[in-house]
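S.K.: sequence? don't have it. structure:
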């Protein structure tokens, strides 16, 4: 469990700092530059994800079950995860209808991804991982709402079509091939 907790801390420190300390990000960017900030942020994000996955794999076999998923869970989870993948690929460069409606598609995708996994996984290891991502997504969405949402203007449906197409392709490939290999659980 310790490895999992360390991974969560490594991942969330750079993600939470701009939310709870809004001037922190700008101070760091002013100090080291935007490119170095992005590389550092990406490095700790990736390192955190790797440690989280490793910690989850280690802890899950011994993690107690807190609740048992309902029989319909896998179907709802698949739907939520698919929409989450699509949301992750919505771009701000070509604002379409999805971006205008959702405002923060990456956080909405994280929210759906977390809820979907919590519906299907009742063990403590999964609750720690997906519950923390759910809390992070909710706090971030509240933070963005309080800060004021950006006003996007519709340009075309191209971004939506690309997000839908590539999100679906990645969802299918990941679900059929990589999820079982990485996590030992095949969702399909």
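M.R.: Received, thanks. Quick caveat, the model's predicted, so the values are computed rather than measured.

S.K.: counting contacts, what elements does the host helix or strand of residue 116 pack onto?
M.R.: According to DSSP states H and E, residue 116 maps onto helix 105-120. For helix 105-120, the packing partners by 3 or more C-beta pairs under 8 Å, 6 or more residues apart in numbering; DSSP states H and E come out as helix 73-88, helix 97-102, helix 124-147. Every C-beta, even on glycine, is put in place using the N, C-alpha and C of the backbone.

S.K.: so where's the longest helix in the protein?
M.R.: Across the chain, the helix with the greatest residue count (assigned by DSSP state H) is helix 34-59.

S.K.: Going by neighbour count, which residues in that one are buried?
M.R.: Within helix 34-59, the residues scored as buried using 16 or more other C-beta atoms under 10 Å are 37, 41, 44, 48, 51, 52, 53, 55, 56, 59.

S.K.: Same list (the residues you listed) but as CSV, adding pLDDT and distance to residue 82.
M.R.: Formatted as CSV, the buried residues of helix 34-59 follow (pLDDT from 0 to 100; distance: C-beta to C-beta, whole Å):
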residue, pLDDT, distance to residue 82
37, 89, 32
41, 89, 27
44, 93, 28
48, 96, 25
51, 97, 27
52, 96, 22
53, 94, 21
55, 96, 26
56, 95, 22
59, 96, 27
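
S.K.: Those residues: which two are farthest apart?
M.R.: Of all pairs drawn from these, the one with the longest distance (C-beta to C-beta) is 37 and 59, at 31.8 Å.

S.K.: Run through who's touching the helix holding residue 116.
M.R.: Contacts with helix 105-120, where a contact means C-beta atoms under 8 Å, 6 or more residues apart in numbering, come from 69-70, 73-74, 76-81, 83-88, 90, 98-99, 102, 126-127, 129-131, 133-134, 136-138, 140-141, 144, 163.

S.K.: Go ahead and confirm residue 51 touches residue 12.
M.R.: No - Residue 51 is beyond contact range of residue 12, at 11.6 Å (criterion: C-beta atoms under 8 Å).

S.K.: Check which residues of stretch 175-188 are buried.
M.R.: Those would be 175, 179, 187, for stretch 175-188 by 16+ other C-beta under 10 Å.

S.K.: what's the span of that stretch, first residue to last?
M.R.: With C-alpha to C-alpha, to the nearest Å as the measure, the ends of stretch 175-188 fall 7 Å from one another.

S.K.: Quick check: mean pLDDT of it?
M.R.: If you average the pLDDT over stretch 175-188, you get 86.

S.K.: Please apply the same query to stretch 12-24.
M.R.: 81.

S.K.: What lies in contact with it?
M.R.: Outside stretch 12-24, the residues touching it (C-beta under 8 Å, 6+ apart) are 25, 40, 41, 44, 45, 48, 132, 136, 139, 140, 143.

S.K.: Excluding chain neighbours, give the residue nearest to the third one in space.
M.R.: Taking C-beta to C-beta, 6 or more residues apart in numbering, and ignoring the residues beside it in sequence, residue 41 has residue 14 as its nearest neighbour in space, at 5.1 Å.
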